[in-house]
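Below are the sequence and a predicted model; questions follow.
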Amino acid sequence: MNNKASSFLWNLRRFSTSVPTSRTVRLYSVGFCRPKIVYSNWNLRNLPLNDFDNRMHSSIRHLFQDAFVFKSGDDAFQTKGMSTVAVLRVDRLLCLRQLSFDTKHSLVSVATSDSGLEKVKFDHEVSNEDVLTKKTKPLPISYRKLSQECNSLSDVLDTFSKAPTFPSSNYFSAMWIIAKRMSDDQKHFEKQLMFNHPAFNQLCEHMMREAKIMHCDHLLFSLHAIVKLGIPQNTLLVQSLLRVIQERINECDERCLSVLSTVLEAMEPCKNVHVLREGLRILVDQQVWKIERVFTLQTMMKSIGKDAPIAFKRKLEMKALRELDRFSVLNSQRMFEVLAAMNHRSVILLNECSKMVIANIHGCPFKIMVNILQSCKDLRYHNLDLFKGIADYVATTFDIWTLKQVLFLLILFENLGFRPIGLLDLFMKSVIEKPESLNMKNIVSILHVYSSLNHVYKCQNKEFLEVMASALTGCLHHISSANLLNAVLSFCLMNYFPLAPVNQLLQKDIISELLTSGDMERNAHKLCILNTCLKLDDTPYHKAIDIPLPQLPPAPSYPNAKVAEALSSLLGGEGYFSKNVQLPHNYHIDFEVRMDTNRSQVLPFSDMDVTSATDIQRVAVLCVSRSTYCLDSSHPRGFLAMKVRHLNVMGFHVILVNNWEMEKLEMENAVAFLKTKIYSVEALPTANVNLQSTY
């Protein structure tokens with residue numbers, strides 16, 4: 001009895017293929033494309049027998065943002081306005097087990113017209129013989145086999161056009177695997193051939209028709225391949241898949257969620273991506289404690305976005321902390337990038353991962369080191385041991401890296417304020433030995449790094465500056481005005497003034513260009529610094545810039561109240577020092593103290609002009625922040641070093657007071673500290689405190 005019933009149902013399903021199925025897509029041109037898609041219920045096993053003739057139809061409303069229709073032609077993909085109505089008719093039912101399509105038709109062929117409205121119909125005629133005669137269906141082919149047998153994207157499409165098999169996701173996955181093996185130029189050429197291939201639109205049509213019945217993992221892998229292949233995100237294909245995934249997101253297991261997270265990370269923002277990301281957040285929030293693989297957890301953390309609720313971020317952080325014992329070296333290296341993508345600064349996680357990275361730094365790929373340093377900058381995470389570990393490893397293996405790679409790391413170190421002395425010295429030697437490796441772009445970057453970090457290698461500093469000046473001179477015929485200004489400014493910070501570059505920069509037409517184009521305020525500020533250096537430093541140029549420069553606003557000053565109180569207590573009242581003193585060349589000092597030339601006695605301020613007196617020593621007290629020093633050191637960075645140099649030229653004895661250190665001291669210790677800084681060693685009695693100068 002059971003066999004008879006089974007046979008009856010099988011024949012009934014085969015007979016049902018004669019019942020036409022239709023899908024209508026209506027595309028609107030105003031605002032968004034809002035297709036209304038009506039699907040027939042393809043699987044008759046889900047219907048009662050007595051309802052065979054009145055099959056249930058489900059109506060699904062789709063909202064696509066900026067969705068466009070494919071257009072076949074010379075340019076492969078066209079993104080015309082939404083002025084098309086496309087009607088697709090499919091007279092053959094889709095079946096999960098056996099599925100074949102007539103391959104004569106393309107997805108949608110659009111011809112824009114003045115009316116802005118056209119219809120395209122696809123009719124698949126099915127003969128009685130085709131329905132009643134059992135045919136041999138092509139067997140499914142795996143994407144791995146396809147990627148091994150085919151050498152190009154067009155080969156995969158040729159295979160599809162000869163005998164398409166279910167699921168179509170295998171063809172997209174195979175094309176992405178093949179594309180990954182190609183160089184960038186070859187990949188670009190192959191993609192153009194793919195877009196122009198006559199079977200490509202047809203494959204896209206099959207993908208859209210199969211999306212509802214395809215296994216969830218196949219659906220997600222196909223979307224991943226489609227996005228990576230560079231198919232425009234605003235096409236109907238991509239937006240359709242996004243909507244189907246929204247409907248089926250509850251089918252996703254841990255593996256599928258990992259793939260979905262990777263896909264969303266690679267996609268640009270749009271309404272469908274936003275909705276899908278929100279759905280992913282809800283699922284991850286519900287299943288976070290059930291996630292087994294650390295890699296999957298990190299992928300999901302990376303994709304949730306920076307705007308996720310802080311409570312959700314902390315929940316993921318707690319899950320990651322629970323899994324710390326299972327972290328591999330790669331997991332630890334990747335955690336920096338993951339937290340940066342979340343914009344979540346978890347110091348505990350970062351510290352533990354830093355230890356793992358330092359312990360396994362040998363053999364660490366260049367890209368991983370770059371990601372770690374960039375993530376530390378984004379998260380404002382400063383771990384001196386981590387930075388030293390990376391810098392020492394690169395210095396130890398210096399010969400295996402290219403000049404471009406080392407320079408890229410040095411730029412990241414400079415952004416972090418870290419001064420890797422050994423690596424900077426080695427790089428300086430390499431530049432001196434191989435000046436031919438320099439070009440205009442890396443010259444500007446090298447000068448910026450060394451001037452910003454105020455790095456001087458005593459043995460070869462002069463030779464290094466000469467090599468850099470010579471290389472810059474060789475680029476003057478094609479260097480831009482902005483790059484020339486940046487390079488010369490870097491030389492000025494290092495108190496070096498190459499003749500040819502400075503002469504070219506001082507030309508009126510170049511200065512006028514800098515003051516009228518680009519970032520004018522920043523250019524004006526840099527030119528004022530250059531002008532100050534030409535006037536105050538020992539240079540062969542003893543003239544100012546001819547063109548009048550705009551007047552810069554005075555630099556803001558925030559004198560430390562605790563320092564003011566300590567000075568008042570130490571010197572005997574506010575009459576013995578001055579606050580927030582504005583000086584020529586747009587310099588200012590937080591406090592000025594006037595003393596005798598031996599710095600043994602403080603002199604009271606008076607209204608008379610004593611700036612030219614030879615028996616007075618002016619003392620400038622500067623309250624500085626951490627950012628003016630290299631990371632975790634007392635080595636001043638470029639602009640602070642230049643300011644101290646110029647104040648010395650102007651006759652000041654400069655004292656640097658670290659704000660963060662003063663805040664930690666009791667008032668009595670703060671007074672004692674300032675006493676050791678202001679009075680000369682000879683003028684001080686036996687010191688009852690042991691405090692070292694920071695400059």
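That came through fine.

The protein: strands as residue ranges?
Assigned by DSSP state E, the chain shows strands spanning 21-26, 36-40, 57-61, 85-90, 577-583, 587-596, 602-603, 616-624, 652-658.

what about the closest residue in space to residue 495 that isn't next to it in sequence, neighbour count?
Spatially, and ignoring its direct neighbours in sequence, residue 495 is nearest to residue 537 (5.8 Å; CB to CB, 6 or more residues apart in numbering). C-betas here are computed from N, CA, C, even on glycine. For residue 537, the neighbour count with other CB atoms under 10 Å is 16.

I'd say residue 537 and residue 650 touch.
No. Between residue 537 and residue 650 there is no contact under CB atoms under 8 Å: 11.8 Å.

Let me see the contact set for residue 446.
The neighbours of residue 446, taking CB atoms under 8 Å, 6 or more residues apart in numbering as the test, are 407, 427, 431, 438, 468.

least trustworthy position among these, going by pLDDT?
The lowest pLDDT within the contacts of residue 446 belongs to residue 438, with 91.

Surely that residue touches residue 471?
Yes. The pair residue 438 / residue 471 is scored as a contact, 4.3 Å apart, by CB under 8 Å.

tell me the contacts of residue 679?
599, 600.

er, residue 641 I mean
Here residue 641 is in contact with 454, 493 (CB under 8 Å, 6+ apart).

cool, residue 404 as well?
Counting by CB under 8 Å, 6+ apart, residue 404 has contacts residue 442.

what about 10 Å?
Counting by CB atoms under 10 Å, 6 or more residues apart in numbering, residue 404 touches 437, 439, 441, 442, 445.

Could you list which of those residues belong to helices?
441, 442, 445 (DSSP state H).

And these, which is the shakiest by pLDDT?
residue 441 (89).

Can you give me the neighbour number for that one?
13.

Next, count neighbours for residue 175.
So residue 175, with other CB under 10 Å, has 30 neighbours.

err, residue 497, not the other one
Residue 497: 20 neighbours (other CB under 10 Å).

now swap in residue 161 and tell me
So residue 161, with other CB under 10 Å, has 15 neighbours.

Excluding chain neighbours, give the residue nearest to it in space.
Leaving aside its chain neighbours, residue 161 sits nearest to residue 199 (3.9 Å; criterion: CB to CB, 6+ apart).

Which pLDDT does the model give the one you found?
90.

ok, it - contacts?
Counted by CB under 10 Å, 6+ apart, residue 199 has contacts 103, 106, 154, 156-162, 164, 171, 206.

I'd like the distance between the closest residue to residue 513 other than its chain neighbours and residue 507.
For residue 513, ignoring the flanking residues on the chain, the nearest one in space by CB to CB, 6+ apart is residue 481 at 5.1 Å. Residue 481 sits 10 Å away from residue 507 when distances are taken as CB to CB, to the nearest Å.

Quick check: the residue nearest to residue 161 vs residue 162, distance?
Counting by CB to CB - residue 199 and residue 162 are separated by 9 Å.

which among the ones in helices among the contacts of residue 404 gets closest to residue 300?
residue 445 (36.5 Å; CB to CB).

For the closest one, give me its contacts.
By CB under 10 Å, 6+ apart, the residues touching residue 445 are 404, 407, 408, 410, 411, 414, 486, 487, 490.

Those residues into TSV, with extra columns for distance to residue 323?
Output for the contacts of residue 445, formatted as TSV (distance: CB to CB, whole Å):
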residue	distance to residue 323
404	37
407	37
408	32
410	34
411	33
414	34
486	46
487	48
490	46
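
Please identify which of those residues is nearest to residue 390.
residue 410 (11.3 Å).

The closest one against residue 422, yeah?
No. Look at residue 410 against residue 422 with CB atoms under 10 Å: they stay out of range, at 11.9 Å.

shared neighbours of the two, anything?
Joint contacts of residue 410 and residue 422 (CB under 10 Å, 6+ apart) are 391, 394.

any idea of the pLDDT on the residue nearest to residue 495?
Residue 537 is given a pLDDT of 86.

likewise residue 179?
pLDDT, read off for residue 179, is 90.

Can you give me the neighbour number for the closest residue to it other than its chain neighbours?
Spatially, and ignoring its direct neighbours in sequence, residue 179 is nearest to residue 187 (5.3 Å; CB to CB, 6+ apart). Neighbours of residue 187 under the rule other CB under 10 Å: 17.

what sits against residue 187?
153, 178, 179, 180, 181, 229, 230.

Format these as a markdown table; extra columns: distance to residue 657 and neighbour count.
Output for these, formatted as a markdown table (distance: CB to CB, whole Å; neighbours: other CB atoms under 10 Å):
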| residue | distance to residue 657 | neighbour count |
| --- | --- | --- |
| 153 | 66 | 26 |
| 178 | 64 | 21 |
| 179 | 60 | 20 |
| 180 | 57 | 10 |
| 181 | 60 | 10 |
| 229 | 60 | 17 |
| 230 | 57 | 14 |
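
got any ranges where the protein has weak pLDDT?
The model of the chain has pLDDT under 70 over residues 1-140, 541-547, 554-557, 559, 606-614, 682-695.

Kindly report the domain assignment for it.
Domain segmentation of the chain under automatic domain parsing yields 7-251, 561-678.

And the closest residue in space to residue 464 that isn't next to it in sequence, how far from residue 660?
Closest residue in space to residue 464, ignoring its immediate chain neighbours: residue 428 at 5.0 Å, by CB to CB, 6+ apart. Applying CB to CB, the value for residue 428 to residue 660 is 31 Å.

quick one: which of these two has more around it?
A direct count of neighbours by other CB under 10 Å for residue 428 and residue 660 places residue 428 higher, at 23 against 9.

State the distance from that one to residue 368.
For residue 428, the distance to residue 368 - CB to CB - is 26 Å.

same deal with residue 163?
44 Å.

Please say which of the two ends up with more neighbours.
residue 368 (19 against 12).

For that one, give me its contacts.
Applying CB under 10 Å, 6+ apart, the residues contacting residue 368 are 329, 330, 333, 334, 336, 337, 357, 361, 390.

Also residue 291?
Residues near residue 291 by CB under 10 Å, 6+ apart: 254, 257, 258, 284, 297, 298, 299, 300, 316, 319, 323.

Could I get the phi/psi values of the last one?
Just to be clear, that refers to residue 323. Dihedral pair for residue 323: phi -90, psi 10, per degrees, to the nearest 10.

Next, count neighbours for it.
Neighbours of residue 323 (other CB under 10 Å): 16.

I figured it hits residue 294, correct?
Yes. At 5.3 Å, residue 323 counts as touching residue 294 under the criterion of CB under 10 Å.

Common neighbours of these two, please.
What both residue 323 and residue 294 touch, as defined by CB under 10 Å, 6+ apart, is the set residue 331.

surely residue 233 meets residue 264?
No. Counting by CB under 10 Å, residue 233 does not reach residue 264; the two are 11.4 Å apart.

what's the overlap in contacts for these two?
227, 242, 273.

Quick one: residues contacting the residue nearest to residue 465 when sequence neighbours are not counted.
Spatial nearest neighbour of residue 465, excluding adjacent residues (CB to CB, 6+ apart): residue 496 at 4.7 Å. Taking CB under 10 Å, 6+ apart as the contact definition, residue 496 lies against 447, 451, 461-462, 464-466, 468-469, 488, 490, 537, 539.

How much space separates residue 496 from residue 346?
Taken as CB to CB, the span from residue 496 to residue 346 is 44 Å.

Leaving out chain neighbours, which residue sits closest to residue 601?
If the residues on either side of it in the chain are set aside, residue 601 comes closest to residue 595, at 6.2 Å by CB to CB, 6+ apart.

residues in contact with that neighbour?
571, 576, 601-603, 616-619, 653, 678-680, 683.

Then residue 650?
536, 583, 584, 585, 587, 611, 618, 620.

Residue 576 now?
567, 568, 570, 593, 594, 595, 602, 603, 604, 605.
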